[in-house]
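Q: quick one, fold the following:
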Amino acid sequence: MLKTAAGTKVYISAIPVADETDTLAEFTALQWTEIGLVENLPEYGDEAAAVTFTSLGDGRVRKGKGARDAGSMTLTFGNDPEDEGQLAVIAAEGTNFSYGFRVVYPDRPNPSGTDSEEFFRGIVRSKRRAGGDVNAVLRRTATVDIDSEVFEKPATRSA
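A: This is a model prediction of the structure:
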(Lines give C-alpha, C1' and ligand atoms only; values in the text may rest on other atoms or scores of the structure.)
Protein backbone atom coordinates (compact mmCIF):
# COMPACT_ATOMS: atom_id res chain seq x y z
CA MET A 1 0.00 0.00 0.00
CA LEU A 2 1.34 3.43 -0.98
CA LYS A 3 1.89 5.85 1.91
CA THR A 4 2.72 9.57 1.89
CA ALA A 5 5.20 11.36 4.15
CA ALA A 6 2.39 13.44 5.72
CA GLY A 7 2.40 12.70 9.44
CA THR A 8 6.13 11.92 9.69
CA LYS A 9 7.57 13.16 12.97
CA VAL A 10 11.17 13.98 13.91
CA TYR A 11 12.48 14.04 17.48
CA ILE A 12 15.70 15.00 19.27
CA SER A 13 16.86 13.48 22.56
CA ALA A 14 16.53 15.63 25.65
CA ILE A 15 20.23 15.19 26.49
CA PRO A 16 23.43 14.31 24.60
CA VAL A 17 24.06 10.62 24.01
CA ALA A 18 27.25 8.62 24.44
CA ASP A 19 29.04 6.95 21.53
CA GLU A 20 28.08 3.68 23.21
CA THR A 21 24.38 4.34 22.53
CA ASP A 22 24.09 1.79 19.76
CA THR A 23 21.12 -0.52 20.29
CA LEU A 24 17.39 -0.14 19.71
CA ALA A 25 16.78 -0.70 23.44
CA GLU A 26 19.11 2.16 24.38
CA PHE A 27 17.54 4.51 21.83
CA THR A 28 13.94 3.69 22.77
CA ALA A 29 14.74 4.34 26.44
CA LEU A 30 15.71 7.97 25.76
CA GLN A 31 13.40 10.90 26.43
CA TRP A 32 12.35 12.57 23.17
CA THR A 33 11.19 16.05 22.21
CA GLU A 34 9.37 16.47 18.91
CA ILE A 35 10.81 19.07 16.54
CA GLY A 36 7.76 21.03 15.46
CA LEU A 37 6.82 22.24 11.98
CA VAL A 38 9.37 20.12 10.08
CA GLU A 39 8.79 20.79 6.39
CA ASN A 40 10.79 18.01 4.75
CA LEU A 41 12.97 15.04 5.52
CA PRO A 42 15.86 14.53 3.11
CA GLU A 43 17.46 11.27 2.09
CA TYR A 44 19.82 9.70 4.64
CA GLY A 45 21.28 6.29 5.45
CA ASP A 46 24.39 4.21 4.96
CA GLU A 47 26.48 4.43 1.82
CA ALA A 48 29.86 2.71 1.57
CA ALA A 49 32.83 4.62 0.22
CA ALA A 50 34.20 3.34 -3.07
CA VAL A 51 37.65 1.79 -2.72
CA THR A 52 39.58 1.19 -5.93
CA PHE A 53 42.79 -0.50 -6.95
CA THR A 54 44.27 -0.47 -10.45
CA SER A 55 46.52 -3.34 -11.42
CA LEU A 56 49.42 -2.48 -13.70
CA GLY A 57 49.49 -5.99 -15.11
CA ASP A 58 46.03 -6.03 -16.65
CA GLY A 59 45.00 -2.35 -16.43
CA ARG A 60 41.79 -3.34 -14.66
CA VAL A 61 40.22 -1.27 -11.88
CA ARG A 62 39.06 -3.42 -9.02
CA LYS A 63 36.47 -2.07 -6.63
CA GLY A 64 35.50 -2.70 -3.05
CA LYS A 65 33.46 -1.15 -0.31
CA GLY A 66 35.07 1.02 2.33
CA ALA A 67 33.81 2.86 5.38
CA ARG A 68 30.07 3.40 5.71
CA ASP A 69 28.67 6.89 6.10
CA ALA A 70 25.02 7.55 6.96
CA GLY A 71 25.36 11.08 5.60
CA SER A 72 23.93 14.37 6.71
CA MET A 73 20.41 15.69 6.73
CA THR A 74 19.31 19.27 6.49
CA LEU A 75 16.06 19.70 8.39
CA THR A 76 13.91 22.65 7.37
CA PHE A 77 11.22 23.81 9.74
CA GLY A 78 8.86 26.75 10.13
CA ASN A 79 10.45 29.02 12.73
CA ASP A 80 8.59 28.83 16.05
CA PRO A 81 10.59 30.53 18.83
CA GLU A 82 8.54 28.68 21.48
CA ASP A 83 8.83 25.15 20.05
CA GLU A 84 10.78 23.01 22.53
CA GLY A 85 12.17 20.72 19.83
CA GLN A 86 13.43 23.61 17.73
CA LEU A 87 14.99 25.19 20.82
CA ALA A 88 16.70 21.86 21.60
CA VAL A 89 18.14 21.70 18.05
CA ILE A 90 19.40 25.29 18.33
CA ALA A 91 20.99 24.53 21.72
CA ALA A 92 22.57 21.31 20.37
CA GLU A 93 24.31 23.31 17.64
CA GLY A 94 26.14 25.23 20.35
CA THR A 95 27.78 22.03 21.64
CA ASN A 96 30.19 19.44 20.32
CA PHE A 97 28.05 16.56 21.58
CA SER A 98 26.04 13.95 19.70
CA TYR A 99 22.29 13.81 20.27
CA GLY A 100 19.83 11.06 19.56
CA PHE A 101 17.41 11.51 16.68
CA ARG A 102 14.22 9.58 16.06
CA VAL A 103 12.09 9.56 12.91
CA VAL A 104 8.60 8.05 13.02
CA TYR A 105 7.05 7.26 9.64
CA PRO A 106 3.25 6.99 9.27
CA ASP A 107 3.39 3.57 7.61
CA ARG A 108 1.57 1.15 9.91
CA PRO A 109 0.18 -1.73 7.85
CA ASN A 110 -3.23 -1.69 9.56
CA PRO A 111 -5.05 0.58 12.06
CA SER A 112 -3.97 -1.39 15.14
CA GLY A 113 -0.34 -1.83 13.99
CA THR A 114 2.67 0.33 14.80
CA ASP A 115 4.60 2.77 12.61
CA SER A 116 8.23 2.17 11.67
CA GLU A 117 10.88 4.20 13.50
CA GLU A 118 14.53 4.99 12.85
CA PHE A 119 17.09 6.07 15.44
CA PHE A 120 20.60 7.47 15.11
CA ARG A 121 23.20 9.71 16.76
CA GLY A 122 23.98 13.04 15.15
CA ILE A 123 25.89 16.27 15.62
CA VAL A 124 23.93 19.45 14.90
CA ARG A 125 26.35 21.43 12.77
CA SER A 126 24.26 24.44 11.75
CA LYS A 127 21.25 26.52 12.75
CA ARG A 128 20.43 28.94 9.99
CA ARG A 129 17.48 31.27 9.44
CA ALA A 130 15.77 31.92 6.14
CA GLY A 131 13.67 35.04 5.69
CA GLY A 132 12.51 34.91 2.09
CA ASP A 133 10.20 37.34 0.39
CA VAL A 134 6.94 38.97 1.50
CA ASN A 135 4.96 35.74 0.91
CA ALA A 136 7.46 33.41 2.56
CA VAL A 137 7.19 31.62 5.89
CA LEU A 138 10.09 32.34 8.24
CA ARG A 139 12.15 29.15 8.39
CA ARG A 140 15.17 27.64 10.06
CA THR A 141 17.45 24.96 8.73
CA ALA A 142 19.66 22.69 10.79
CA THR A 143 22.28 20.35 9.38
CA VAL A 144 22.66 17.10 11.31
CA ASP A 145 25.74 14.99 10.59
CA ILE A 146 24.86 11.39 11.35
CA ASP A 147 27.69 9.68 13.21
CA SER A 148 26.24 6.23 13.86
CA GLU A 149 24.46 3.41 12.16
CA VAL A 150 20.77 4.08 11.48
CA PHE A 151 18.77 1.64 13.61
CA GLU A 152 15.37 0.63 12.26
CA LYS A 153 12.36 -0.59 14.20
CA PRO A 154 10.04 -1.97 11.49
CA ALA A 155 6.32 -1.30 11.31
CA THR A 156 4.20 -4.09 12.73
CA ARG A 157 0.79 -5.51 11.89
CA SER A 158 -1.64 -6.34 14.69
CA ALA A 159 -4.59 -8.66 14.45
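
Q: against the centre of this structure, work out the most remote residue.
A: In the chain, the residue that sits farthest from the middle, by CA atoms, centre = their mean, is residue 57; the gap is 44.6 Å.

Q: got the contact list for residue 31?
A: Residue 31 sits next to 13-15 when contact means CB atoms under 8 Å, 6 or more residues apart in numbering. The C-beta positions use only the backbone N, C-alpha and C, and glycine is treated the same way.

Q: still on that earlier bit, what about the residue farthest from the centre of the chain, distance to residue 110?
A: Taking CB to CB, to the nearest Å as the measure, residue 57 falls 59 Å from residue 110.

Q: how about residue 85, nearest residue that isn't a chain neighbour?
A: residue 35 (3.5 Å; CB to CB, 6 or more residues apart in numbering).

Q: which residues of this structure fall in strands?
A: Counting by DSSP state E, the chain has strands at residues 9-16, 32-34, 38-40, 47-54, 61-69, 72-78, 99-104, 117-124, 128-130, 139-146, 151-153.

Q: any chance of the ones you listed in JSON lines, plus distance to residue 88?
A: Output for these, formatted as JSON lines (distance: least, CB to CB, whole Å):
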{"stretch": "strand 9-16", "distance to residue 88": "5"}
{"stretch": "strand 32-34", "distance to residue 88": "5"}
{"stretch": "strand 38-40", "distance to residue 88": "13"}
{"stretch": "strand 47-54", "distance to residue 88": "28"}
{"stretch": "strand 61-69", "distance to residue 88": "25"}
{"stretch": "strand 72-78", "distance to residue 88": "12"}
{"stretch": "strand 99-104", "distance to residue 88": "8"}
{"stretch": "strand 117-124", "distance to residue 88": "9"}
{"stretch": "strand 128-130", "distance to residue 88": "16"}
{"stretch": "strand 139-146", "distance to residue 88": "10"}
{"stretch": "strand 151-153", "distance to residue 88": "20"}
